[in-house]
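J.: Show me the folded form of this:
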Amino acid sequence: MSVARVTEITSSSSKSFDEAVEVGIERANKTLENVKGAWIKEQKVLVENGKVTEYRVTMKVTFVLK
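T.: Coordinates of the predicted model:
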C-alpha cells in the first residue's frame, strides 16, 4: 500500500511554459523523493512593454511517502 502527498509549487522561465514546468519538476526532485507526477493548476505570463518577459506555472506535485 502506498501513501502519496501533494505539494503546490510555482516556477518560471523566460522561454516557455514547458521550460517552467521542467524547471519546477527538476527543483522538486532535489527536495522531494519519489516524485510521480504533477498537475498544472495555473499558467500566467508577465508582460513588459507589450512583450512577454516571463512564463509562470503553478503546479501540484505528487510524491509517494516512504
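J.: ok, which stretches of this protein are helices?
T.: Read by DSSP state H, the chain holds these helices, from start to end of the chain: 17-31.
J.: Below-threshold pLDDT in the protein: ranges please.
T.: Using pLDDT under 70 as the threshold, the predicted model of the chain has no low-confidence range.
J.: what residue is smack in the middle of it?
T.: In the chain, the C-alpha nearest the mean C-alpha coordinate belongs to Gly24, at 3.8 Å (C-alpha atoms, centre = their mean).
J.: ok, now which ones touch the nearest residue to that one once chain neighbours are set aside?
T.: Using C-beta to C-beta, 6 or more residues apart in numbering and skipping residues adjacent in sequence, the residue nearest Gly24 is Ser11, 3.2 Å away. Where C-beta positions appear, they are placed from N, C-alpha and C, glycine not excepted. Counting by C-beta atoms under 8 Å, 6 or more residues apart in numbering, Ser11 makes contact with Ala20, Val21, Val23, Gly24, Arg27, Arg56, Val57, Met59.
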